[in-house]
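J.: 3D model of this:
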Amino acid sequence: VRPAPAIKASSPVEPESSDEEEEVAQSEHEKDVWKRVEGVLREYSLSPLVMVAARKWMRQMADPSNETLARLRGWILLRVNGKLRAPPPSPWQSGCPEIIGGLRAQPVWPTDTVEWLRPFEENAAVIREELLALRDRRGFQPLKIPNWASKNKVASPDGSGSVSHDAGDWNVFYLFLHEVKFPDNCEACPVTTRLLQALGPRGYQHAFFSALTPGTHIIKHHGPTNKKLRVHLPLIGASGSELRVADEVLRGQEGRCMLFDDSFEHEAWHRGDATRIVLVFDVWHPDLTDKEVQFLSMLQRSRMRAEMAAEREARKRALETAAEGGPTPEVGDNFYQLLQEAKDILPDNSWWVG
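T.: Numbering: from 1, shown residues only. Coordinates of the predicted model:
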């Protein structure tokens with residue numbers, strides 16, 4: 001009888017994982033990733049139907065061969081790993097809360113070859129006439145932002161939200177606010193509205209007339225994101241105005257567009273004798289693909305609809321509380337609520353001088 005082989009002392013041998021165990025581990029990992037992805041999406045207050053659509057977008061982004069969503073793939077990977085933004089390409093963008101990687105970063109953009117700006121310049125006289133007709137009607141309101149979105153912490157005079165200037169007055173007349181149209185205001189400016197809508201899906205759906213009274217200083221600040229560019233079309237009172245973007249200073253010329261990236265630190269002064277008013281509108285960053293713009297627009301619409309719903313609910317509660325003789329509820333602190341609360345603050349247009 002052959003003796004049994006000796007057993008050598010050694011560390012226990014770990015059994016190899018079975019295919020089933022590997023599949024279970026992979027499945028658990030995928031579940032964890034999807035849970036974190038959906039956590040990011042919920043920040044945009046997506047409806048159940050839009051969430052279904054967003055999941056389909058996520059599956060497309062997960063495909064590394066899909067170059068049309070490459071930048072968003074990097075963005076969502078950062079977010080699911082707990083990072084709010086990519087590293088800023090320029091130190092001048094360090095204060096911008098949202099940075100999407102892979103987008104060209106330059107503070108001021110040349111306008112000579114930007115064909116979609118030409119119709120605005122060609123129709124500047126008509127846009128100016130529509131603006132001047134607003135002097136005899138209501139619609140302008142102080143520009144205010146939520147306290148949580150302000151780093152300057154300059155309280156609004158009425159105690160609701162914050163303002164971005166420390167001298168003078170900054171009033172605005174909204175046409176579009178993040179995909180929300182202001183029908184009465186747009187009806188009063190039909191040519192301006194048609195030009196903005198002609199931008200199509202590359203338009204950011206955010207546009208307004210911006211008025212600075214003499215002596216106004218807008219404190220240095222950053223825009224909320226680098227995924228868009230901003231246009232200024234000076235219309236009246238441009239003399240004495242300066243706009244600093246990073247380390248470049250721009251002096252507007254009436255009827256000529258200026259194009260800049262407001263994710264860079266910027267500030268403005270108006271030292272002229274007449275109120276300065278420009279048409280301001282945003283466009284999606286030209287490096288974003290149409291597919292990326294489509295997805296980001298979907299998120300933006302959902303967030304603004306949620307803010308509008310919150311404003312309606314807050315107004316309803318305020319009316320109910322007032323009817324019952326209770327105390328006035330605290331003022332809301334989202335962009336749309338502040339806008340609604342500010343729309344009747346100005347008693348007249350006496351701030352419009354010159």
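J.: Low-confidence bits of the protein, can you list those?
T.: The model of the chain has pLDDT under 70 over residues 1-26, 148-150, 152-153, 159, 311, 314-315, 318-320, 322, 326-333.
J.: ranges for the helices of it?
T.: With DSSP state H as the criterion, the chain has helices at 19-42, 48-61, 70-80, 118-122, 124-132, 183-188, 190-197, 290-323, 335-342.
J.: Tell me which of those approaches residue 208 most closely.
T.: Across the helices of the chain, the minimum distance to residue 208, taken as Cβ to Cβ, is reached by helix 183-188, at 8.7 Å. (C-beta placed from N, C-alpha, C; glycine too.)
J.: burial count for residue 44?
T.: 19 (other Cβ atoms under 10 Å).
J.: returning to that earlier point: can you list the helices of the chain in TSV and add distance to residue 98 and mean neighbour count?
T.: Rendered in TSV, the data for the helices of the chain read as follows (distance: least, Cβ to Cβ, whole Å; neighbours: other Cβ atoms under 10 Å):
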stretch	distance to residue 98	mean neighbour count
helix 19-42	12	12
helix 48-61	17	14
helix 70-80	9	19
helix 118-122	27	14
helix 124-132	30	16
helix 183-188	27	14
helix 190-197	23	17
helix 290-323	11	16
helix 335-342	15	21
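J.: Could you point out which of these sits nearest residue 162?
T.: helix 335-342 (9.2 Å).
J.: The closest one versus helix 290-323: what angle between them?
T.: For helix 335-342 and helix 290-323, the angle between their directions (axes from the mean of the first three to the mean of the last three Cα atoms, to 10 degrees) works out to 50 degrees.
J.: got the contact list for the closest residue to residue 168 other than its chain neighbours?
T.: Counting by Cβ to Cβ, 6 or more residues apart in numbering, residue 216 is the residue found nearest to residue 168 once chain neighbours are left out, at 2.7 Å. Residue 216 makes contact with 165, 167, 168, 169, 170, 268, 269, 270 under the criterion Cβ atoms under 8 Å, 6 or more residues apart in numbering.
J.: Select from those every entry located in strands.
T.: Among these, the subset assigned to strands under DSSP state E consists of 165, 167, 170, 268, 269, 270.
J.: Buried by neighbour count, from these: which ones?
T.: For the ones in strands among the contacts of residue 216, a burial check counting by 16 or more other Cβ atoms under 10 Å picks out 165, 170, 268, 269, 270.
J.: For my notes, please list the helices of the chain in JSON lines and give distance to residue 244 for each entry.
T.: Formatted as JSON lines, the helices of the chain follow (distance: least, Cβ to Cβ, whole Å):
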{"stretch": "helix 19-42", "distance to residue 244": "34"}
{"stretch": "helix 48-61", "distance to residue 244": "37"}
{"stretch": "helix 70-80", "distance to residue 244": "28"}
{"stretch": "helix 118-122", "distance to residue 244": "23"}
{"stretch": "helix 124-132", "distance to residue 244": "24"}
{"stretch": "helix 183-188", "distance to residue 244": "29"}
{"stretch": "helix 190-197", "distance to residue 244": "26"}
{"stretch": "helix 290-323", "distance to residue 244": "28"}
{"stretch": "helix 335-342", "distance to residue 244": "25"}
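J.: if I look at residue 197, how far off is residue 119?
T.: In this structure, residue 197 lies at 11 Å from residue 119, with Cβ to Cβ, to the nearest Å as the measure.
J.: Next: residue 101.
T.: In this view, residue 101 and residue 119 are 32 Å apart by Cβ to Cβ.
J.: With residue 188 instead?
T.: Applying Cβ to Cβ to residue 188 and residue 119 gives a distance of 20 Å.
J.: can you list the domain ranges for this protein.
T.: Domain assignment for the chain, taken from automatic domain parsing, gives 20-84, 108-288+334-342.
J.: Redo these as TSV? Include distance to residue 349.
T.: What follows is the domains of the chain, written out as TSV (distance: least, Cβ to Cβ, whole Å):
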stretch	distance to residue 349
domain 20-84	36
domain 108-288+334-342	6
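J.: Let me know which of those is the nearest to residue 304.
T.: The closest approach between residue 304 and any of these, judged by Cβ to Cβ, belongs to domain 108-288+334-342 at 4.7 Å.
J.: how far does that closest one stretch from start to finish?
T.: Across its full length, domain 108-288+334-342 reaches 32 Å between end residues, using Cα to Cα, to the nearest Å.
J.: cool, and stretch 201-219?
T.: Start to finish, the residues bounding stretch 201-219 are 31 Å apart (Cα to Cα).
J.: That stretch: which residues count as buried?
T.: In stretch 201-219, the ones that count as buried by 16+ other Cβ under 10 Å are 203-214, 216-218.
J.: and of the domains of the chain, who's closest to residue 91?
T.: Comparing the domains of the chain under Cβ to Cβ, the one sitting nearest is domain 108-288+334-342, at 9.1 Å.
J.: Based on its surroundings, how many neighbours for residue 189?
T.: Residue 189 is flanked by 25 other residues according to other Cβ under 10 Å.
J.: who's in contact with residue 55?
T.: Taking Cβ under 8 Å, 6+ apart, one finds residue 38 in contact with residue 55.
J.: Swap in 10 Å and give it another go.
T.: Residues in contact with residue 55 (Cβ atoms under 10 Å, 6 or more residues apart in numbering) are 34, 37, 38, 41, 46.
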